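**Student:** need a structure here:
(chains A and B)
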Amino acid sequence: MKAEEKIALEAHDLSVGYDGKPVLWGIDLQVPVGSLTGVIGPNGAGKSTFIKAIMGLTPTMSGYVRLFNKKLDDVRKQIAYVPQKEAVDWDFPISVTELVMMGRFPHMGWMKRPTKKDREVVEETLEKMKISDLSTKQIGQLSGGQQQRAFIARALAQEASIYLLDEPFAGVDANSEKVIINLLKEQVKEGKTAIVVHHDLNAVNTYFDRLILLNLRLVANGPTDEVFRTDYLKETFGGELSLLAEMSELLRKRDIKQKK
Amino acid sequence: MWTDSFYILWSLFFLSLSSGLLGSFLILRRNAMVTDAISHAVLPGVVLAFLLFGGRSSEWALLGALIFAAFCILLIEFFTEKLKFKNDAAIGMVFTAFFALGVLMVSVFSSSVDLDLDCVIYGEAAYIPFDTVTIFKNEIPRAFVMGLIILSFLLIFLTFFYPQLKLTSFDPLFANSIGLSVKKWYYILMISTAAIVVLALELIGVVLVVAFLVAIPALAWLLSHSFRHLFFYCTVISATITGGGYLLARWSDANIAGSIVLVLGTLWVIVLFLGYRFGSNRGANQLH
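**Tutor:** Predicted coordinates for the structure are as follows:
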């Protein structure tokens, strides 16, 4: 990483676990400002956990995360998060406009009443994601691709500096995928940073300029053309299922030693 | 007789509308079980208030209920988060223990407490006109006044904090990520639930209040695609079941609360049937 590049995300010795079982182990990495980074790994590799850990929403066992060289609580407003599709209650009685307006929340005052500017921003983002005609629809009535675009519109309306997207291309039509990736590329060009959990290896080298290969621990982190290599991918996806058990074992031994 | 009916109907309407509005958020957050728990867990608090301060002073009963509701919520949280119990198991253990304590207290102190176990469990809305407070030299039933106060508070509360409630209910991760405390709003909702339960205790009893807090908003939700519709249908359903239930109770000389919930159940069947027939609501979409 070049010295003059500004750091958007820094994780240092980050370990995350639930009930003493590690889900992420000793993650050390940096992501520069203005990059479009893909997070790649098999199911259960801790990709979603990694995203949540960046926002400080998981129990950290060790290490820390810093964004733009600041503590998390000082930069919360700079984070735009798009959840996994499965995590959303699509029967919730809100319209697309209401959803996107939620993105303006951090900008609103104590009363959380939208101003004229908030309404304008929402309208613009709807336009940008090409879903203006769906603005009054309840979110469950949209197609998969439209739903994802609505959530990206919310992230866009936040006018944040870093985007965290959890599998934005899962169950999305080709057209929506194009709209989304083009928008992300455009945002990155404007100096924003995007970290995207991606579920497969398709189009990885055309979509992302950097990759984080993850499988409980960090396999590789760097520019796509450097780390998108067979040996790294094998290490990420192949034969690593026993790692979690090994880690638990190590942790247990360490605890016993400490007690002695 | 006419004024009696008037007060009974309006008291029940205030109660069911308050329950429906608040319950809308509870079911959307999947907190229906906790609601059930709170409705039972407040009993010891109410009995204690009656014991210590005597008579039928609603303010102390409310305070006692709120304290025990908070206690119940924190205990459930302790069991799930610290002791790693499954959430539904923790709820089941905590609230039954609290309710048992309440039942014991009522039966032991029955001579000194003006609270009847049957009344707590089944409710007796027909007694509404007999328990009055004096306001501007007018004798007005306590339940009517309390219902009006609770509904007004709730409407003001919703007007001001609707955006926060909506966001924390819909997308807790996102809410947390922008620094909006999901937990804080959960506590506020639960405490409000306790306030409604205190009112409900004497009118419809601890069992059927769950129907008010869960079944009314759930039925409204079936018909709605927006919060505006949800609140509108809660109002319509509340009016229908209090009116219909009261008529049914008078006609068959039965318990009013039971009649109301029976009408509510019938309404459910009708809505599901019509929806299935004409495909006009979500329940129908699930069935098709």
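**Student:** hey, where'd the strands end up in the stretch 101-250 of chain B?
**Tutor:** B:132-135, B:138-141 (DSSP state E, counting those that start in this stretch).
**Student:** what packs against the last one?
**Tutor:** Strand B:138-141 sits against helix B:2-28, strand B:132-135, with contacts defined as 3 or more C-beta pairs under 8 Å, 6 or more residues apart in numbering or on different chains; DSSP states H and E. Placement of C-beta: from N, CA and C, glycine included.
**Student:** Leaving out chain neighbours, which residue sits closest to A:Phe237?
**Tutor:** A:Pro42 (5.1 Å; C-beta to C-beta, 6 or more residues apart in numbering or on different chains).
**Student:** ok, how many other residues are close to the one you found?
**Tutor:** The number of residues packed near A:Pro42 is 15, by other C-beta atoms under 10 Å in any protein chain shown.
**Student:** Please list the residues of the stretch 51-200 of chain A that sit near chain B.
**Tutor:** A:52, A:55, A:57, A:73, A:76-77, A:79, A:81, A:83, A:87-89, A:91-95, A:98, A:102, A:105-106, A:108, A:111-113, A:138, A:141, A:158 (C-beta under 8 Å from any C-beta of the partner chain).
**Student:** Could you report the pLDDT at B:Val113?
**Tutor:** For B:Val113, the model assigns a pLDDT of 67.
**Student:** what's the closest non-adjacent residue to A:Arg154?
**Tutor:** Nearest one to A:Arg154, counting by C-beta to C-beta, 6+ apart, is A:Gly103 at 4.0 Å.
**Student:** What count of nearby residues applies to the one you found?
**Tutor:** A:Gly103: 25 surrounding residues under other C-beta under 10 Å.
**Student:** Show the contacting residues for it.
**Tutor:** A:80, A:122, A:125, A:153-158 (C-beta atoms under 8 Å, 6 or more residues apart in numbering or on different chains).
**Student:** Let's see which of those residues end up in helices.
**Tutor:** Members of the contacts of A:Gly103 lying in helices (criterion: DSSP state H): A:122, A:125, A:153-157.
**Student:** Select from the strands of the stretch 101-250 of chain B the stretch with the lowest mean pLDDT.
**Tutor:** Per-stretch mean pLDDT for those is lowest at strand B:132-135 (a mean of 81).
**Student:** export that strand as CSV, just CAs?
**Tutor:** Taking Å, rounded to 0.1, in the frame of the first residue of the first chain, the C-alpha atoms of strand B:132-135 are listed here in CSV:
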residue,chain,number,x,y,z
THR,B,132,-65.9,6.6,39.7
VAL,B,133,-63.7,9.6,40.3
THR,B,134,-65.1,13.1,40.7
ILE,B,135,-64.0,15.6,38.1
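**Student:** helices or strands next to that strand in the packing?
**Tutor:** Contact here means 3+ C-beta pairs under 8 Å, 6+ apart; on that basis strand B:132-135 packs against strand B:138-141, helix B:142-170.
**Student:** Check which helices and strands the longest one sits against.
**Tutor:** So the one you mean is helix B:142-170. Applying 3+ C-beta pairs under 8 Å, 6+ apart, we find helix B:142-170 packed against helix A:96-102, helix B:2-28, strand B:132-135, helix B:172-177, helix B:182-203.
**Student:** And the ones you listed: which comes nearest B:Leu248?
**Tutor:** helix B:2-28 (12.7 Å; C-beta to C-beta).
**Student:** still on that earlier bit, tell me the secondary structure at the residue nearest to A:Phe237.
**Tutor:** Taking DSSP: H, G, I helix; E, B strand; the rest coil as the rule, one finds A:Pro42 in the coil state.
**Student:** what residue ranges in chain B score low on pLDDT?
**Tutor:** Applying pLDDT under 70 to chain B flags residues B:1, B:55-58, B:112-115, B:276-288.
**Student:** make it 80
**Tutor:** Residue ranges of chain B with pLDDT under 80: B:1-2, B:54-59, B:110-124, B:126, B:202, B:275-288.
**Student:** Surely A:Gly109 forms part of a helix?
**Tutor:** No: A:Gly109 is assigned coil when assessed by three-state DSSP, not a helix.
**Student:** That one: how many residues sit nearby?
**Tutor:** By other C-beta under 10 Å, 7 other residues sit near A:Gly109.
**Student:** excluding its backbone neighbours, what's nearest residue 8?
**Tutor:** By default, I'm working from chain A. Nearest-residue entry for A:Ala8: A:Thr193, 4.0 Å, with adjacent residues in sequence omitted and distances by C-beta to C-beta, 6+ apart.
**Student:** think we crossed wires, I meant chain B
**Tutor:** The nearest residue in space to B:Ile8 (C-beta to C-beta, 6+ apart) is B:Ile128, at 4.9 Å.
**Student:** Please name the residues that touch the one you found.
**Tutor:** Residues near B:Ile128 by C-beta under 8 Å, 6+ apart: B:4, B:7-8, B:11, B:141, B:143-144, B:203.
**Student:** The same query, at a cut-off of 7 Å, please.
**Tutor:** Residues near B:Ile128 by C-beta atoms under 7 Å, 6 or more residues apart in numbering or on different chains: B:7-8, B:11, B:141, B:143, B:203.
**Student:** now do B:Thr80
**Tutor:** Going by C-beta under 7 Å, 6+ apart, B:Thr80 touches B:87, B:90.
**Student:** any idea how far B:Phe50 is from the residue nearest to B:Ile8?
**Tutor:** 18 Å (C-beta to C-beta, to the nearest Å).
**Student:** most tightly surrounded among the helices and strands packed on strand B:138-141?
**Tutor:** helix B:2-28 (a mean of 22; mean count of other C-beta atoms under 10 Å in any protein chain shown).
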